[in-house]
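[1] fold the following.
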Amino acid sequence: MSRDVFTTDPASIVADPDIDIVLELLGGMHPAKELDPPASFSSGKPVVTANKELLANVGKELFDAADAGVDAISGSRPPWPAGSR
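    Got it, this is the predicted structure:
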């Protein structure tokens, strides 16, 4: 793989018009939170995550952003008790 496809700047992933979907598999809050999933939603990019810590800490923010118009996808969504969302 070419070195130019790697980045240390998560915001560049969200801003890049050639990237259609954000796949977050970093784990933990940081640097996953710096990827800024709500910005991905507002740029029209769906986000796929299996990051339970991110969902546990900012899940409401992510679901609210997704409800504003773009889908959020979790590959390993923890079970939510009824009415907890």
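[2] immediately after the helix or strand encompassing F41, which helix or strand?
    For F41, the element it lies in under DSSP states H and E is helix 37-42. Using DSSP H and E, the next helix or strand after helix 37-42 towards the C-terminus is strand 47-49.
[3] buried sites along that next one?
    47, 49 (16 or more other Cβ atoms under 10 Å). Where you see a C-beta, it was placed from the backbone N, CA and C, and this is true even at glycine.
[4] any regions of the protein where pLDDT drops low?
    For the chain, the stretches flagged by pLDDT under 70 are 69-85.
[5] just the buried positions in the longest helix anywhere in it, please.
    In terms of residue count, the longest helix belonging to the chain (DSSP state H) is helix 52-67. Neighbour-count burial for helix 52-67 flags 54-55, 58-59, 62, 65-66 (criterion: 16+ other Cβ under 10 Å).
[6] put the alpha carbons of that helix into CSV.
    Extracted in CSV, the C-alpha atoms of helix 52-67 (Å, rounded to 0.1, in the frame of the first residue of the first chain):
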residue,chain,number,x,y,z
LYS,A,52,-18.0,0.2,22.9
GLU,A,53,-16.2,2.8,25.0
LEU,A,54,-16.9,5.5,22.4
LEU,A,55,-20.6,4.5,22.3
ALA,A,56,-20.8,4.3,26.1
ASN,A,57,-19.4,7.7,26.6
VAL,A,58,-20.8,9.7,23.6
GLY,A,59,-23.4,7.4,22.2
LYS,A,60,-26.2,9.9,22.8
GLU,A,61,-24.3,12.5,20.9
LEU,A,62,-23.7,10.1,18.0
PHE,A,63,-27.2,8.9,17.9
ASP,A,64,-28.5,12.5,17.9
ALA,A,65,-26.2,13.4,15.1
ALA,A,66,-27.3,10.3,13.1
ASP,A,67,-31.0,11.1,13.8
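[7] packing partners of that helix?
    helix 37-42, strand 72-74 (3 or more Cβ pairs under 8 Å, 6 or more residues apart in numbering; DSSP states H and E).
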